[in-house]
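Q: Need a 3D model of the following:
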Amino acid sequence: MVDLKKIINGPELFLIAGPCVIENEKTTFEIAEEIKYITEKLNIPFIFKASYKKENRTKLNSFRGPGVKEGLITLKKIKKKLNLTITTDVHNVDDIKKVKDIIDIIQIPAFLCRQTDILIASAKTKKYINVKKGPFLSGEACKFIIEKIKQSGNKKIIIT
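A: Numbers count the residues shown, from 1 in each chain. Prediction:
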């Protein structure tokens, strides 16, 4: 596992990568293994990212993932067997309660980046929070996201 404090606060390059959404355990595990192999060879700290559920889909019948229960089982196995730091998207406050003991970094999707309840609940976990900046926001507007998290008692903030 990577030392989050060291890589996030330092000048070192790190990679957050993985499939957009978990299609199945076997494929997701293979992707994690391959990225881990490549990043170790290149000496790049690696954080594995895969979503258990994607809420932001254009069509109603688009694949959204296995759901929180099955998806977290897969992520927990990958974390343990491959000794990886893990992140995943959360879409509501209830999911934050479910992921907080498994996930190392809570990731807020771009279209939810200003949702106060999600930011506050994430902050209260004391985990690192990666907020994906929405394309509709200026860089300057991100200061309000950061303020919400800091005022909720957490300074472990990443904006991507």
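Q: from here on, contacts and neighbour counts on C-alpha atoms
A: Fine.
Q: Quick one: the strands in this protein, in order.
A: For the chain, strands defined by DSSP state E occupy the ranges 15-17, 46-49, 85-89, 105-108, 128-131, 157-159.
Q: Of all the ones you listed, which one comes closest to Lys59?
A: Nearest to Lys59 among the strands of the chain is strand 85-89; the distance by C-alpha to C-alpha comes to 19.2 Å.
Q: Point out where the protein drops to low pLDDT.
A: For the chain, applying pLDDT under 70 flags no range at all.
Q: still on that earlier bit, any chance of CSV for the strands of the chain, columns distance to Leu4?
A: Shown next, in CSV, are the strands of the chain (distance: least, C-alpha to C-alpha, whole Å):
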stretch, distance to Leu4
strand 15-17, 12
strand 46-49, 9
strand 85-89, 8
strand 105-108, 9
strand 128-131, 8
strand 157-159, 11
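Q: Including distance to Lys79 and mean neighbour count, could those strands go into JSON lines?
A: Converted to JSON lines, those look like this (distance: least, C-alpha to C-alpha, whole Å; neighbours: other C-alpha atoms under 10 Å):
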{"stretch": "strand 15-17", "distance to Lys79": "14", "mean neighbour count": "15"}
{"stretch": "strand 46-49", "distance to Lys79": "9", "mean neighbour count": "24"}
{"stretch": "strand 85-89", "distance to Lys79": "6", "mean neighbour count": "25"}
{"stretch": "strand 105-108", "distance to Lys79": "12", "mean neighbour count": "26"}
{"stretch": "strand 128-131", "distance to Lys79": "16", "mean neighbour count": "22"}
{"stretch": "strand 157-159", "distance to Lys79": "21", "mean neighbour count": "17"}
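Q: mind checking which of those strands is nearest Phe63?
A: Using C-alpha to C-alpha, those put strand 85-89 closest to Phe63, at 15.6 Å.
Q: residues in contact with the closest one?
A: 1-2, 46-54, 75, 79, 103-109 (C-alpha atoms under 8 Å, 6 or more residues apart in numbering).
Q: one step back: how about the strands of the chain, which one is nearest Glu25?
A: strand 46-49 (13.6 Å).
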